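Asks: Below are the sequence and a predicted model; questions follow.
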Amino acid sequence: MTKTKFLAAASAAALLTSCGGDSGGAPPTGGTPTPPTSTLNVSLSASNADVTVPEGGQAKFGFVASYSGTSSAPVVADIVIGGRRYTLDGEPSESGKQFTVDLATVPFPAGGETSSTVTFRLCTSSACSTVYPGSTKTFTVNLDVEVGDWMTLQRNAAHTGYVAVRYDPDDFSDAWTMTDFSSMGINVAATRGSIFSSLVTNSGTYETRAISSTDGNEQWAYDLTPAGYLSAPYFADGRLASMAMDSSSGNVPMQVLDKDGRYQTTITYASQFSPGGTPTPFAGKVYFQAGYYGNVVYAADPVTGGREWVTDTSVGARGYVHEGQSVGVDDDFVYYFGGGDLVLLARDTGTEAKRIANPFFSGFGNSYHGSYLGAPILDGQGRVFTFTDNKWQNQPLPLMAWSTDTDTALWRTNASYINHPAYREGLLYAPRANSAVVDVIDTADGSVVRSIQMNPGSSNLTSNVVLTERHLFVATSTTTYAIDIGQTGNPVVWSTDKGGELAITPDNILVISSNNGIHGIKLF
């Protein structure tokens, strides 16, 4: 709640305080008012504002408060703002018997839909011990900040792991824990109100499950049995699917569900005894890597189940990836790391557009265990970032950069890293192998511009990295940290005794997932 007082004269005085949440403000305070003899009837130009803001965006809105009547005493405008995601946009302007109140959302507001009130009243002084009768009015703000879904590995088709929101660590609190399963896919997907995971229950059933982001309770479960391998699910456009398979086949079924767990259609692909990577949705289609011998990229329509195209990227003994990769996608291309090459396929046809050789690759030749648990990271400016070789999730390897403008490998890091980095504004944030350090890497040349140390005594980092506008989240197997990347020294500002893979939902839940449980941390 923000309370502001303005005198209807040139020497306006102001007092600012804040408290409360974002779902309605407390009533104005100021002692027991003694009504003056004058009545000042206030009317507002509107009773409410319905405001929708995209992730990372800003909206401006407001109202005009007019009053009738006169008083020989001062007339002071007192404004109480009942939400934390918007504030006054400058001092209200006064003209005659009107105050124009301009409001604006704060930078990088937290996601979600809430309703709160702005209270306007007129007083005889800035202390507001006396309120003019007839002057107290409320203005309702229905605010919806549309933070995007966590759709696939590292959130989006560019696999950046970045969410454009700003949080306050003082708000962080443990919300819930769900533990009734024996193992799960590496990551989760999430939309507002629901978190989706593919897992193995304690009774041995393979299923996709939706749990409430509010309380962690099961919303529905879809039985995928028989299956022996699971990927995490993707979610987009109200549909989700995992790569779940039981045995080798040229027609492995990928069952597509709607957000309520109802079967929609089946996409088929070829694979043999391989855990697939999380499929990547983009512009109404879904893209994924599989193939009986690996190196095959698929594009499919999740509405009809039909394949849009299938491209085998294998060329001689240039390397193979059989399992675990999520492809990168943008408007023009699908990006696939085949080990010995980075291959760009035209998104609409699957035709090979570019093939860039990897000078650092070692695993040439066919391999039935050619894994790449990760995804190409796209910066949107002609650079792509991968590890240098086939890899398991926490296998130490250097990182490298590719230029799709010059069709060359640009650089390779000196150190090795694990799991999955995050990207934002020319910097990669990568967990250094066998350490409690995140290196911040300049994507122009691969140099380390600074290193962020976890708390003294921390065990080695094992998780992916997730970024918000102000914080970095990373975890060991038992502890998750939040680091302030905007403050000098990048201090650890919060931690919890739960570790695992990380994701952030559109309704401000940090999800920590591992075979020990799925935990929800309320961020706002």
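Replies: Arrived safely. Numbers count the residues shown, from 1 in each chain.
Asks: Neighbours of the residue lying closest to F360 once chain neighbours are set aside, how many?
Replies: Distances taken as C-beta to C-beta, 6 or more residues apart in numbering place T388 nearest to F360, at 4.1 Å, with adjacent residues excluded. All C-beta spots, glycine's among them, are computed from the backbone N, C-alpha and C. Look at T388: counted by other C-beta atoms under 10 Å, it has 20 neighbours.
Asks: quick one, what contacts T388?
Replies: T388 makes contacts with N358, F360, F361, L397, P398, L399, M400, R412, as judged by C-beta atoms under 8 Å, 6 or more residues apart in numbering.
Asks: surely the second one meets P398?
Replies: Yes: checked against C-beta atoms under 8 Å, the pair F360 and P398 is within contact range at 7.1 Å.
Asks: of these two, who's got more company?
Replies: Taking neighbours as other C-beta under 10 Å, F360 and P398 compare with P398 leading, 17 against 14.
Asks: From F387, how far out is that one?
Replies: P398 sits 7 Å away from F387, going by C-beta to C-beta, to the nearest Å.
Asks: Ok, L399 next?
Replies: According to C-beta to C-beta, L399 stands 6 Å off from F387.
Asks: between these two, who's got more neighbours?
Replies: F387 (25 against 22).
Asks: OK, contacts around the more buried one?
Replies: F387 touches Y372, G374, L397, P398, L399, M400, Y417, counting by C-beta under 8 Å, 6+ apart.
Asks: Drop anything exposed from those residues.
Replies: Buried members of these, counted by 16 or more other C-beta atoms under 10 Å: Y372, G374, L397, P398, L399, M400, Y417.
Asks: I'd like those residues as a markdown table, with secondary structure and pLDDT appended.
Replies: Formatted as a markdown table, the buried ones among the contacts of F387 follow (DSSP: H, G, I helix; E, B strand; the rest coil; pLDDT from 0 to 100):
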| residue | secondary structure | pLDDT |
| --- | --- | --- |
| Y372 | strand | 94 |
| G374 | strand | 96 |
| L397 | strand | 97 |
| P398 | coil | 98 |
| L399 | strand | 98 |
| M400 | strand | 98 |
| Y417 | strand | 98 |
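Asks: With distance to F524 added, can I get those residues in JSON lines?
Replies: Output for the buried ones among the contacts of F387, formatted as JSON lines (distance: C-beta to C-beta, whole Å):
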{"residue": "Y372", "distance to F524": "35"}
{"residue": "G374", "distance to F524": "29"}
{"residue": "L397", "distance to F524": "36"}
{"residue": "P398", "distance to F524": "37"}
{"residue": "L399", "distance to F524": "32"}
{"residue": "M400", "distance to F524": "37"}
{"residue": "Y417", "distance to F524": "30"}
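Asks: Would you map out the domains in this structure?
Replies: Per the record, the chain has its domains at 2-146, 169-522, by automatic domain parsing.
Asks: Check for me that T87 belongs to a strand.
Replies: Yes: applying DSSP: H, G, I helix; E, B strand; the rest coil, one finds T87 inside a strand.
Asks: Settle this for me: it is touching V106, isn't it.
Replies: Yes: T87 is within contact range of V106, at 5.9 Å (criterion: C-beta under 8 Å).
Asks: Name the nearest residue to G148, sequence neighbours excluded.
Replies: E55 (5.4 Å).
Asks: For the one you found, give me its contacts.
Replies: E55 makes contact with G111, V145, E146, V147, G148, V163, A164, V165, according to C-beta under 8 Å, 6+ apart.
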